[in-house]
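Student: below are the sequence and a predicted model; questions follow.
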Amino acid sequence: MIKSCATIALVPQIKYGPWIYWNDLESAMKKASDLGFDAIELFTPASDTIGIEELKGLLAKYKLELVALGTGAGKVIHGLTLTDPDPEIRKKAISFISDMISFGATFGAPAIIGSMQGNVLAGNDREKTLSWLAEALEILGEKAEKAGTFLIYEPLNRYETNLFNTLNAGVKFLESLKTKNVKLLADLFHMNIEEADLAQSITDASSHINHIHFADSNRKAIGLGHTEMESVARAIQSINYSGYISAEAFPEPSSDEAALQTIQSFKKYFR
Ligand SMILES: [Mn+2]
């Protein structure tokens, strides 16, 4: 069964971004639980931001699952990416994500490689850069497997990366890896910019998709933009997707309203 998920950002350095709830973990979890969300996705500064026992307690108290961890703080706070030309920085990026994988694995939650994938920087060779990304995903994919979980790779739109922008490009890259433990994230906001046909792209990438970011064309909650959601929802259902639909959307007009809009849209399309 497809399940609903709300995002919670706990990174003080970031004042604005596409997360539904901000800063106060317990009050966010209570609100998500009260609205009927099944799960949460966390965006934290590091793997040790929240104690394991504390989080276990809160998840039990509010009957929520932790289903994914964002790793972008490694870039935002520390300037790390998996494709930096400096090998020391790449090593630190791998280590940062590796710690996130270990923390998430305690809860069965995978880490997401989004902005940590980086870019082909000016003056650098694309093939070389992609080989660094491949190297990192092999290491981290295996690390996740040993920890009993998997890793998620997210194609981003062209304004955020020049590595891979479409689901199909992501699939081809993942299929070129030795590890089969890296799954694909379909982010409806990025897809709205890059895909010719969102529903067709979801159908074509179906065997790789393991997480979905739920946001409208303007990255507000679904229903507040112009994405034609009917056909997208039909495609998600027709591939027998059984993961989470996670609201990585702006807290607009407010966190509470974005959360309510999200859960209403989720019920409309998936219940
Ligand atoms: Mn996303």
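Tutor: Yep, it's here. Residues are numbered from 1 along each chain as shown.

Student: get me the contact residues on this structure for the ion.
Tutor: 187, 213, 248 (Cβ under 5 Å from the ion). Any C-beta I mention is one placed from the backbone N, CA and C, and that applies to glycine too.

Student: ok, what's across the strand from the residue of the stretch 51-200 of the chain found nearest the ion?
Tutor: Per Cβ to the ion, residue 187 is where the stretch 51-200 of the chain lies closest to the ion, at 3.6 Å. Counting by DSSP bridges, residue 187 is bridged to residue 213.

Student: in contact with the nearest residue to residue 257 once chain neighbours are set aside, which residues?
Tutor: When the adjacent residues along the chain are set aside, residue 257 lies closest to residue 221, with 7.9 Å between them (Cβ to Cβ, 6 or more residues apart in numbering). By Cβ atoms under 8 Å, 6 or more residues apart in numbering, residue 221 lies in contact with 20, 215, 247, 249, 250, 252, 257, 258, 259, 261, 262, 265.

Student: assign a three-state SS to residue 221, would you?
Tutor: Using DSSP: H, G, I helix; E, B strand; the rest coil, the structure places residue 221 in coil.

Student: and the strands in the stretch 1-150 of the chain?
Tutor: With DSSP state E, counting those that start in this stretch as the criterion, the stretch 1-150 of the chain has strands at 3-9, 21-22, 39-43, 65-70, 111-113.

Student: so can I have a markdown table of the ones you listed showing mean pLDDT?
Tutor: Formatted as a markdown table, the strands of the stretch 1-150 of the chain follow (pLDDT from 0 to 100):
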| stretch | mean pLDDT |
| --- | --- |
| strand 3-9 | 98 |
| strand 21-22 | 97 |
| strand 39-43 | 98 |
| strand 65-70 | 98 |
| strand 111-113 | 98 |
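
Student: okay, those in JSON lines with distance to residue 52 and mean neighbour count next?
Tutor: Shown next, in JSON lines, are these (distance: least, Cβ to Cβ, whole Å; neighbours: other Cβ atoms under 10 Å):
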{"stretch": "strand 3-9", "distance to residue 52": "17", "mean neighbour count": "25"}
{"stretch": "strand 21-22", "distance to residue 52": "21", "mean neighbour count": "22"}
{"stretch": "strand 39-43", "distance to residue 52": "13", "mean neighbour count": "25"}
{"stretch": "strand 65-70", "distance to residue 52": "11", "mean neighbour count": "23"}
{"stretch": "strand 111-113", "distance to residue 52": "15", "mean neighbour count": "28"}
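
Student: a strand runs through residue 246, doesn't it?
Tutor: Yes - counting by three-state DSSP, residue 246 is found in a strand.

Student: list the contacts of it.
Tutor: Residues in contact with residue 246 (Cβ under 8 Å, 6+ apart) are 5, 6, 7, 39, 41, 67, 68, 211, 212, 213, 214.

Student: and which of those is nearest to the ion?
Tutor: After measuring those against the ion - Cβ to the ion - the closest member comes out as residue 213, at 3.7 Å.

Student: got JSON lines for the residues of the chain next to the ion, with pLDDT and neighbour count too?
Tutor: Formatted as JSON lines, those follow (pLDDT from 0 to 100; neighbours: other Cβ atoms under 10 Å):
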{"residue": "187", "pLDDT": "98", "neighbour count": "25"}
{"residue": "213", "pLDDT": "98", "neighbour count": "26"}
{"residue": "248", "pLDDT": "98", "neighbour count": "30"}
